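# Below are the sequence and a predicted model; questions follow.
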Amino acid sequence: MHPQLRTLAPARGRAASRLGYVMFLSRWIQAPLYFGLIAAQVVYVWRFMAELVHLVELGFTGHPPETTVMLIVLGLVDVVMISNLLIMVIVGGYETFVSRLRIEGHPDQPQWLSHVNANVLKVKLAMAIIGISSIHLLQIFINAARPAVTDRELLWKTLIHLTFILSAVALALIDRIMQSSRDRAEQSAGPAGASSSRVSAA
């Protein structure tokens, strides 16, 4: 090999390594997005406390209808479920796409975080969205007697909710198919790897 080519090859390797490291560092661009979601979480906590104070005042100072109390409680549950969704996106997304949280062995580590990946996170988010949609649909059914709620609105909300369910089922099936194919690939590669290691040892 020509001496100049010998000197150019390591230089190109170092340049490619630096470029790859810069691209790897670009994952930190997403960090402000997750901090913004933390701020949204604070807003939801404030909204929950305001609704809770309103419910307590309404319950102890007056005689509100049962449907009114039920709607306020469902609103509180809705806020909690959206907050749980935010937590999954913040913690799981940061762990998957930005950086390790390094909380292994911590007593408060969420159980689902130990096996989280992009596919698991998508399925969990889909299930959380179904729960939120169920709360909204129940609120609409409670208000169905009011003139403001039309049959067309009920129909479309129900169809949208069913679409969320079908999407979650499809995501779960795709994840199971991909997992089974990975398991079959690992099982087929296992004996071949073992035989090749025995041949090399011989």
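Now that the structure is in, tell me what you want to look at.

# what's the neighbour count on residue 33?
Burial of residue 33 is recorded as 14 neighbouring residues (other CB atoms under 10 Å). Every residue, glycine included, has its C-beta placed from N, CA and C.

# repeat for residue 68
Residues near residue 68, counting by other CB under 10 Å, number 14.

# Spit out the contact partners of it.
With contact taken as CB atoms under 8 Å, 6 or more residues apart in numbering, residue 68 is in contact with residue 58.

# And it, how far from residue 55?
In this structure, residue 68 and residue 55 are 9 Å apart, going by CB to CB, to the nearest Å.

# Kindly report the same for residue 15.
Summarising the geometry, the distance separating residue 15 from residue 55, computed by CB to CB, is 63 Å.

# who's more crowded, those two?
residue 55 (17 against 10).

# The more buried one is in what secondary structure piece?
According to DSSP states H and E, residue 55 maps onto helix 31-61.

# chain center to that helix: distance?
Once both centres are worked out by CA atoms, centre = their mean, to the nearest Å, helix 31-61 turns out to sit 20 Å from its chain's centre.

# Buried residues, it. List them.
34, 37, 41, 48, 51, 55 (16 or more other CB atoms under 10 Å).

# got it, and stretch 77-88?
77-79, 81-83, 85-86, 88.

# Repeat that for stretch 59-73.
Buried residues in stretch 59-73 (16+ other CB under 10 Å): 71-72.

# helices or strands up against the top helix by length along the chain?
Selection of the longest helix in the chain by residue count, based on DSSP state H, yields helix 151-201. With contacts defined as 3 or more CB pairs under 8 Å, 6 or more residues apart in numbering; DSSP states H and E, the secondary structure elements packing on helix 151-201 are helix 118-142.

# For the helix it packs on, which helices and strands make contact with it?
In terms of contacts (3+ CB pairs under 8 Å, 6+ apart), helix 118-142 is packed against helix 66-87, helix 151-201.

# Can I get those helices in CSV including mean pLDDT and distance to residue 29?
Shown next, in CSV, are these (pLDDT from 0 to 100; distance: least, CB to CB, whole Å):
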stretch, mean pLDDT, distance to residue 29
helix 66-87, 86, 20
helix 151-201, 74, 27
